[in-house]
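**Q** Return atomic coordinates for the entry below.
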Amino acid sequence: MKLLLLSNSAAPGHGYLEHATEVIADHLAGVRELVFVPYALADHDAYTSKVAEALKPLGISVRGAHKGGDPAKAVADAQAVFVGGGNSFRLLKALHALDLIETVRARATAGMPYMGSSAGTNMACPTLRTTNDMPIVQPPDFASFGLVPFQINPHYLDPDPASTHQGETREERLVQFLEENDVPVLGLREGTWLRRRENALELGGTAAGARLFRRDEAPQEYAPGADLSALLTLPTRFDTRLAG
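**A** Here you go, the predicted structure:
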């Protein structure tokens with residue numbers, strides 16, 4: 001598999017996708033046209049245009065999956081697919097409704113380059129259960145592409161000791177997830193990404209790195225360049241269906 005999973009698509013001081021231009025260019029080397037999956041935001045045309053503008057300097061044209069009347073066929077025929085960020089619940093509901101779960105999974109498993117950012121990175125996991133998003137709609141279940149056998153929390157934020165906020169920190173929410181699900185969660189800080197090439201998985205991006213959470217263990221820190229390939233050997237061990 002060829003996966004590029006970005007924590008975020010925009011970084012301070014940079015344009016859209018600009019902070020990851022080099023790794024995107026390498027990941028999509030040889031790709032002339034990319035199919036963009038825009039369903040995490042409401043305005044599909046505007047979102048697709050934004051992606052097209054960002055990838056134009058790389059010589060890659062962009063076609064929205066929503067154009068042409070058959071999103072599944074667009075993905076089935078694609079050289080590469082990019083699933084953008086936004087609301088993960090809205091995105092997943094659309095993916096199920098448009099028969100894109102199995103289509104994307106089959107193409108990515110067969111070697112088609114897959115790129116995701118934020119919600120699109122969530123979709124590469126077995127489920128969306130470690131998203132940060134509000135459930136503004138209800139998908140039929142939580143199952144996503146399952147291109148990696150562990151969970152990811154994009155935009156991971158460390159606890160701020162000086163904060164007066166009384167709600168749960170991101171760390172507390174992930175610990176709660178692990179109380180119910182025995183599967184690792186990788187917290188990807190801003191500016192970081194994961195790159196999978198076949199059975200190799202590497203952390204890239206800024207010096208912020210990532211934090212790995214496991215049940216009943218202290219979180220582990222990883223710096224860019226870390227080899228996380230061992231995570232690819234894990235089984236998926238929890239139900240993805242909605243209750244009742």
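
**Q** Which residue is the nearest non-sequential neighbour of Arg197?
**A** Nearest residue to Arg197, sequence neighbours excluded (C-beta to C-beta, 6 or more residues apart in numbering): Lys2, at 6.1 Å. Placement of C-beta: from N, CA and C, glycine included.

**Q** Identify the residues contacting that neighbour.
**A** His27, Ala108, Gly111, Met112, Pro113, Tyr114, Arg196, Arg197, Glu198 (C-beta atoms under 8 Å, 6 or more residues apart in numbering).

**Q** Among those, name the ones in strands.
**A** Under the assignment DSSP state E, the contacts of Lys2 contribute Tyr114, Arg196, Arg197 to strands.

**Q** can you pull the pLDDT of the residue nearest to Arg197?
**A** pLDDT, Lys2: 98.

**Q** what about the nearest residue to Asn132 once chain neighbours are set aside, which SS state?
**A** Distance criterion C-beta to C-beta, 6+ apart; nearest residue to Asn132, sequence neighbours excluded, is His155 at 6.0 Å. For His155, the assignment made with DSSP: H, G, I helix; E, B strand; the rest coil gives strand.

**Q** Tell me the spacing between His155 and Glu18.
**A** 17 Å (C-beta to C-beta, to the nearest Å).

**Q** likewise Asn132?
**A** Distance, Asn132 to Glu18, by C-beta to C-beta: 22 Å.

**Q** need the contact list for Ala226.
**A** So Ala226 contacts Glu202, Leu203, Gly209, Ala210 (C-beta under 8 Å, 6+ apart).

**Q** Could you say which helix or strand holds the nearest residue to Gly15 once chain neighbours are set aside?
**A** Computed as C-beta to C-beta, 6+ apart, the closest residue to Gly15 that is not its neighbour in sequence is Ala54, at 7.0 Å. Here Ala54 is covered by helix 44-55, with elements defined by DSSP states H and E.

**Q** What helices and strands are in contact with that helix?
**A** The helices and strands touching helix 44-55, judged by 3 or more C-beta pairs under 8 Å, 6 or more residues apart in numbering; DSSP states H and E, are strand 33-37, strand 61-64.

**Q** related to what we said a few turns ago, most neighbours out of the ones in strands among the contacts of Lys2, which is it?
**A** Greatest neighbour count in the ones in strands among the contacts of Lys2, by other C-beta atoms under 10 Å, goes to Tyr114: 27 neighbours.
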